[in-house]
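Enquirer: pasting a predicted model and its sequence here:
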Amino acid sequence: SFDSAFDIPVFPSVDSPLNSGRDCFCKLKGQIDDCSCSVDTVDHFNNAKVFPRLSSLLQKDYFRFYKVNLKKECPFWSDDSRCSMRTCHVKTCGEDDIPPGLKGEHDHRNENMALKYLESSQDSDNCDEDNDLDAELGYLNTTISDSAYKGFELWQAYDDAQDNFCTLPDEDGEAQYVDLLLNPERFTGYKGESAHRIWRTIYMENCFRPKKSFNSYISSSKLNGLCLEKRVFYRVISGLHTSINIHLSANYLFSGKNPLSKDADNENWGYNLEEFKNRFSPEFTDKEGPQWLRNLYFIYLLELRAVAKAAPYLAQERFYTGNESEDSETKDAIMDLLNVIKSFPEHFDESCMFADGTKQAQKLKEEFRQHFRNISRIMDCVGCEKCKLWGKLQTQGLGTALKILFSSKFDKLLKTSDQPFLSRSFRLERSEIVTLFNALGRLSTSIREIEMFRQMMRSRTL
Ligand SMILES: Cc1cc2nc3c(=O)[nH]c(=O)nc-3n(C[C@H](O)[C@H](O)[C@H](O)COP(=O)(O)OP(=O)(O)OC[C@H]3O[C@@H](n4cnc5c(N)ncnc54)[C@H](O)[C@@H]3O)c2cc1C
């Protein structure tokens, strides 16, 4: 049978004792740590308002095509464990699949320089109007040599990198477009030492750690010994980890065929409540699971705030793919979503982070940035293509959110300009916008999946 409200299968109560797994949700109430709003408020706001809008927006061409290099070498260790499982495979796009406007996608950095060049040549045109000038003597060579252009690009890339919290999106020759809708994030079977090495390296070497914490995984009871910024860092990573593990539990591949499946091969994909309980109930996680679920709400609020903060900027983007009617629908959908997100009353407050302006705060911000950049590079070491695709996308999206929240250039832009798009000092590339919204979409879906698991648990104990 199906639950009518959400169209999900309702499983008969079989094995587990009453209440088993229910305490996964024991921390999903009250105020979210380091934020002013409650879990209930987020649940309601996300499930009723954000999730439906965002899921339909992410079907649009502008957001579904993501350019990525999945062949980059792992910079930290030689990667021994290429996953050969079918579930790990990523199908890349052929030339004909890509929308026309994205084929000629050009780099904003060049555009900025081209604009500067144009301005300078327009200025010199004005001078020509002055008849006293000898055209030949006054000739100014305004062409820019290739090597000078390369130099500008390097300067610009260096300048931009000072603001970035993750490695720049892949634009090299090996990068290929992937249709995200054809390659959904779901169970792949990636596990064991390769997966653990990634998570361990992230928590052990690239998270700030409480003193005297020797285990690679940080226990939440020790978090209060850390300052706000370091707690935020850990919660964000843990929230991302939670989201990935919720997706694989909610889109799990069961053995056997399902004749009703929409999947071409009649594969049996669905919600695996046992998997969810194993990952998040206190009894199987040394009491940590419920707190990990809470961290999902934390990272969600942080990314939501980034979108709200960038709203004036995003409202002026074109979301260009070359298909006029589709682009205009995308723009309308964005404006609607931004209005909803701006109406949320209790956003994450980034202004209390790195706030005192001291050298120490600056140093901490730089460390925060470096740690996060390392995490985005570790994604090249993930031994399953599908997990790498979504791992890269979500860390880039989170990196974009952090850039919006903590870039002083962006703060200046918001304060000084009525028309932020005219600014050349701060830009978001298309890939940054695509990853920002898709990353928020993943978190939004996870929060909604929690509600599904909660309902399944309830129906089992009836
Ligand atoms: C970047 C990345 C992307 C992945 N994407 C996918 C995917 O798309 N599909 C798929 O099927 N698998 C994916 N995996 C694998 C998946 O995340 C697990 O690693 C795998 O299922 C093995 O799970 P596990 O139970 O051994 O614990 P793991 O999830 O590997 O966790 C290792 C340890 O981390 C701690 N821990 C667990 N959760 C949290 C948390 N939320 N916060 C803090 N600490 C925690 C626990 O101590 C746990 O033992 C991905 C792995 C990585 C590194």
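Expert: Now that the structure is in, tell me what you want to look at.

Enquirer: when you work out contacts or count neighbours from here on, use the C-alpha atoms and nothing else.
Expert: Noted.

Enquirer: contacts only, for residue 271.
Expert: 249, 250, 251, 252, 453 (C-alpha atoms under 8 Å, 6 or more residues apart in numbering).

Enquirer: just confirm the first one contacts residue 269, I think it does.
Expert: The one in question is residue 249. No. The criterion here is C-alpha atoms under 8 Å, and residue 249 misses it with residue 269 at 10.0 Å.

Enquirer: looking at those two, which is more packed in?
Expert: residue 249 (24 against 20; other C-alpha atoms under 10 Å).

Enquirer: distance check, that one against the ligand.
Expert: Residue 249 sits 8 Å away from the ligand, taking C-alpha to the nearest ligand atom, to the nearest Å as the criterion.

Enquirer: how many residues are close by the residue of the stretch 1-150 of the chain found nearest the ligand?
Expert: For the stretch 1-150 of the chain and the ligand, the shortest gap (C-alpha to the nearest ligand atom) falls at residue 88, measuring 8.1 Å. Residue 88 has 23 neighbours, counted by other C-alpha under 10 Å.

Enquirer: nearest spatial neighbour of it, chain-adjacent residues omitted?
Expert: Once flanking residues are discounted, residue 88 sits nearest to residue 386: 4.8 Å by C-alpha to C-alpha, 6 or more residues apart in numbering.

Enquirer: how about the contacts made by the one you found?
Expert: 87, 88, 89, 90, 183, 185, 188.

Enquirer: what helix or strand does it sit in?
Expert: Using DSSP states H and E, the element containing residue 386 is helix 385-406.

Enquirer: run the chain-centre distance for that helix.
Expert: Centre-to-centre, helix 385-406 and its host chain are 4 Å apart (C-alpha atoms, centre = their mean, to the nearest Å).

Enquirer: show me what counts as buried in whichever helix or strand comes after that helix.
Expert: Downstream of helix 385-406, the first helix or strand assigned by DSSP H and E is helix 408-416. Across helix 408-416, burial judged by 16 or more other C-alpha atoms under 10 Å covers 410, 413, 414.

Enquirer: sorry, back to before: quick one: which of the contacts of residue 271 is most hemmed in?
Expert: The most crowded member of the contacts of residue 271, judged by other C-alpha under 10 Å, is residue 249 (24 neighbours).

Enquirer: state the pLDDT value of that one.
Expert: Looking at residue 249, its pLDDT reads 98.

Enquirer: again with residue 197
Expert: On the pLDDT scale, residue 197 gets 93.

Enquirer: now for it, how many residues are close by?
Expert: 15.

Enquirer: secondary structure class of it, three-state.
Expert: Using DSSP: H, G, I helix; E, B strand; the rest coil, the structure places residue 197 in helix.

Enquirer: near the ligand, which residues of the stretch 151-300 of the chain? Just list them.
Expert: Counting by C-alpha under 6 Å from any ligand atom, the residues of the stretch 151-300 of the chain close to the ligand are 185-191, 195-196, 198-199, 217, 238-239, 241-242, 244-245, 248, 292.

Enquirer: burial check on the residue in the stretch 251-400 of the chain that the ligand sits nearest to, number of neighbours?
Expert: Ranked by C-alpha to the nearest ligand atom, the top residue of the stretch 251-400 of the chain for proximity to the ligand is residue 387, at 3.8 Å. Residues within reach of residue 387, counting by other C-alpha under 10 Å, total 25.

Enquirer: for it, give me its contacts.
Expert: Residues in contact with residue 387 (C-alpha under 8 Å, 6+ apart) are 88, 185, 188, 190.

Enquirer: for it, report the pLDDT, please.
Expert: Listed pLDDT for residue 387 reads 96.

Enquirer: got a list of what residue 177 touches?
Expert: So residue 177 contacts 65, 66, 67, 68, 92, 93, 98 (C-alpha under 8 Å, 6+ apart).

Enquirer: could you measure from residue 320 over to residue 434?
Expert: The gap separating residue 320 from residue 434 is 12 Å, by C-alpha to C-alpha, to the nearest Å.

Enquirer: this completes my enquiry, with thanks.
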